[in-house]
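Student: pasted the sequence and its predicted model underneath.
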Amino acid sequence: MRSPGPDEDPAEEHPNEEAGAERGDQPRSGEHDSSKRAKKGKKGSFWWELFVLVGTALLLTVLLQMFVARVFVIPSESMMNTLQGCPGCTKDRILVDKITYRFSEPQPGDVVVFSGPTTWMEGQSGDAAAPSNPVAGFFLRAGSMLHLVDSGEKDFVKRVIATGGQTVECCDERNRVLVDGEPLEEPYIHWSGPSKKQEEFGPVRVPQDHLWVMGDNRNNSLDSRYQGGGGRAGAVPVDDVIGKAQFIVLPPTRWQGIDEENPQAMALGAESVRGEGDRLPGELGYLTVIPAFWAYRRTVSPVVRTDSREHH
């Protein structure tokens with residue numbers, strides 16, 4: 001190769017080298033297309049991951065509320081003052097534990113949420129028939145929890161007063177409910193009106209596998225005394241119980257556990273009414289429902305009917 005002369009510029013001998021260097025600073029068309037595809041791939045991956053995250057969260061929410069715990073709203077006054085559902089006030093949201101009654105039976109004093117029995121629902125309009133297809137039923141329940149559809153469920157919350165095989169009636173000379181002839185001590189009773197006298201009923205022998213339930217707002221509650229015409233028809237099948245009300249989770253000023261004082265304890269003796277080995281330990285029961293509370297901000301169950309008499 002010839003060496004450049006003294007009057008020659010070395011760069012002039014290979015003019016394409018400099019141009020090639022300049023072109024080398026710019027991305028080739030193939031590289032540009034590859035970069036675009038990489039960016040699109042990253043965006044697609046982000047949206048897919050977001051879809052999976054949201055879908056998983058919704059699925060876990062539905063499963064938790066179906067099998068572990070569920071939040072209900074208290075709309076009326078029949079459980080005052082234990083549960084607040086007064087007109088114009090901030091209604092209580094309660095966390096209902098579905099685990100406890102898988103290991104034990106409802107006991108006197110428990111505050112339970114249950115689906116309206118057939119005898120309670122007779123003559124009421126607007127009840128939606130449950131779909132026979134289990135898949136459709138699952139999506140109906142899931143949609144109801146997410147407020148996408150109206151499930152047509154009729155749920156109630158009351159306190160257990162007597163269980164299957166016991167005889168309940170009202171009242172003795174001191175205006176107290178009797179179970180198996182013994183008066184109950186009920187410190188949770190609330191009187192919303194001027195009258196503090198309970199209406200007489202019974203005696204009624206509660207059928208086996210049934211519960212006799214009453215509202216704490218004793219003269220403002222449509223409960224076992226009246227539903228289905230009263231008597232045995234007013235008792236609630238244990239199979240209709242959804243779960244046990246454990247906590248008031250909202251509003252923050254009402255955040256507390258729900259009193260489950262056994263009204264039969266003083267009259268019949270605590271051990272004869274509620275044996276130590278018959279129930280899931282309270283601490284364990286609480287631990288099973290606490291993880292489900294995170295789902296509340298996303299979903300709230302359809303309103304639980306406390307069935308206040310003044311609303312009928």
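Tutor: Received, thanks.
Student: would you mind listing where this protein has pLDDT under the threshold?
Tutor: 1-43, 123-132, 135-153, 266-306, 308-312 (pLDDT under 70).
Student: tell me how it divides into domains.
Tutor: 29-67, 71-122+153-311 (automatic domain parsing).
Student: mean neighbour count and distance to residue 133 for these - can I get that in CSV?
Tutor: Any C-beta I mention is one placed from the backbone N, CA and C, and that applies to glycine too. Putting the domains of the chain into CSV (neighbours: other CB atoms under 10 Å; distance: least, CB to CB, whole Å) gives the following:
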stretch, mean neighbour count, distance to residue 133
domain 29-67, 12, 17
domain 71-122+153-311, 18, 17
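Student: would CSV of those with distance to residue 134 be doable?
Tutor: Output for these, formatted as CSV (distance: least, CB to CB, whole Å):
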stretch, distance to residue 134
domain 29-67, 13
domain 71-122+153-311, 16
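Student: now residue 226, nearest residue through space, not along the chain?
Tutor: residue 234 (6.8 Å; CB to CB, 6 or more residues apart in numbering).
Student: pretty sure the one you found contacts residue 122?
Tutor: No: using CB atoms under 8 Å, residue 234 makes no contact with residue 122, being 11.9 Å away.
Student: endpoints of stretch 225-232, how far apart?
Tutor: 9 Å (CA to CA, to the nearest Å).
Student: find residues that contact each of residue 234 and residue 122.
Tutor: residue 228 (CB atoms under 8 Å, 6 or more residues apart in numbering).
Student: for the nearest residue to residue 241 once chain neighbours are set aside, list each beta-bridge partner.
Tutor: Nearest non-adjacent residue to residue 241, counting by CB to CB, 6+ apart: residue 114, 4.6 Å away. When assigned by DSSP bridges, residue 114 has beta-bridge partners residue 156, residue 241.
Student: might one say that residue 114 is in contact with residue 244?
Tutor: No: checked against CB under 8 Å, the pair residue 114 and residue 244 is beyond contact range at 10.4 Å.
Student: overlap in contacts of these two?
Tutor: Joint contacts of residue 114 and residue 244 (CB under 8 Å, 6+ apart) do not exist.
Student: okay, helices next: where are they in the stretch 1-150 of the chain?
Tutor: 10-13, 15-24, 29-67, 100-103, 118-121, 134-145 (DSSP state H, counting those that start in this stretch).
Student: quick check: residue 86 touching residue 80?
Tutor: Yes: counting by CB under 8 Å, residue 86 touches residue 80, with 6.7 Å between them.
Student: and the nearest residue to residue 87 once chain neighbours are set aside, how far from residue 217?
Tutor: Closest residue in space to residue 87, ignoring its immediate chain neighbours: residue 77 at 7.8 Å, by CB to CB, 6+ apart. Distance of residue 77 to residue 217, computed by CB to CB, to the nearest Å: 5 Å.
Student: with residue 58 instead?
Tutor: 37 Å.
Student: show me where this protein has its strands.
Tutor: 69-73, 93-97, 111-115, 155-163, 167-170, 177-179, 182-183, 201-205, 210-214, 236-237, 241-250, 256-257 (DSSP state E).
Student: keeping just the C-alphas, turn the second one into PDB.
Tutor: Written as PDB, here are the backbone C-alpha positions of strand 93-97 (Å, rounded to 0.1, in the frame of the first residue of the first chain):
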ATOM      1  CA  ARG A  93     -69.700  -3.900  60.100                       C
ATOM      2  CA  ILE A  94     -69.200  -7.300  61.700                       C
ATOM      3  CA  LEU A  95     -66.700 -10.100  60.900                       C
ATOM      4  CA  VAL A  96     -68.500 -13.500  60.900                       C
ATOM      5  CA  ASP A  97     -66.300 -16.500  61.500                       C
END
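Student: counting contacts, what elements does it pack onto?
Tutor: Contacts defined by 3 or more CB pairs under 8 Å, 6 or more residues apart in numbering; DSSP states H and E place strand 93-97 against strand 69-73, strand 241-250, helix 282-289.
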